[in-house]
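Peer 1: I would like to see how this sequence folds:
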Amino acid sequence: MPILALLTLVVMVIALIDAITRRDDQVKHMPKFVWVFFIVLLPLIGSILWFTIGREYEQRTAPLTFGDPRRWQKQPDPSPAPAPRDARTTEQQIADLEREMHLADLEEQVRRRRAEGGA
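Peer 2: Next comes the predicted model:
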């Protein structure tokens, strides 16, 4: 019986260390502090559930050796950067558009006058 208790303790400590050191985006189904509480409250069941459904496992294409420096580097976030938002109000955007339209009209008048005067 002491071996089972020791094994449960070791699994619980490993699960706690793994749960605490995971980034929040690598934890599934519940917040990290809930998993930690669950592992402490029910050591064997909580630890088994943590390793089966609670953590996100990384998909690696090529196995890395222990000494490979890529093993310890964080992977870049594959999600695209959010598009920059236009901080102008709707009224400012409409005013800018009206200015552009006015400038386009003036440029058209200049082209027309040059064409009439040069012909």
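
Peer 1: how about Gly54: what's its closest non-neighbour residue?
Peer 2: Trp35 (5.2 Å; C-beta to C-beta, 6 or more residues apart in numbering). Bear in mind the C-beta positions are built from the backbone N, C-alpha and C, glycine included.

Peer 1: pull out the buried positions in the host helix or strand of the one you found.
Peer 2: Taking DSSP states H and E as the criterion, Trp35 maps to helix 32-41. Across helix 32-41, burial judged by 16 or more other C-beta atoms under 10 Å covers Trp35, Val36, Phe38, Ile39.

Peer 1: give me the neighbour count for Glu91.
Peer 2: 8 (other C-beta atoms under 10 Å).

Peer 1: ok, now Ala19?
Peer 2: Ala19 has 25 nearby residues by other C-beta under 10 Å.

Peer 1: who are the contact partners of it?
Peer 2: Counting by C-beta atoms under 8 Å, 6 or more residues apart in numbering, Ala19 touches Val27, Lys32, Trp35, Val36, Ile39, Trp50, Gly54, Arg55.

Peer 1: how does it look with 10 Å?
Peer 2: Contacts here follow C-beta atoms under 10 Å, 6 or more residues apart in numbering; on that basis Ala19 touches 26-27, 32-40, 46-47, 50-51, 54-55.

Peer 1: kind regards, and thank you for your time.
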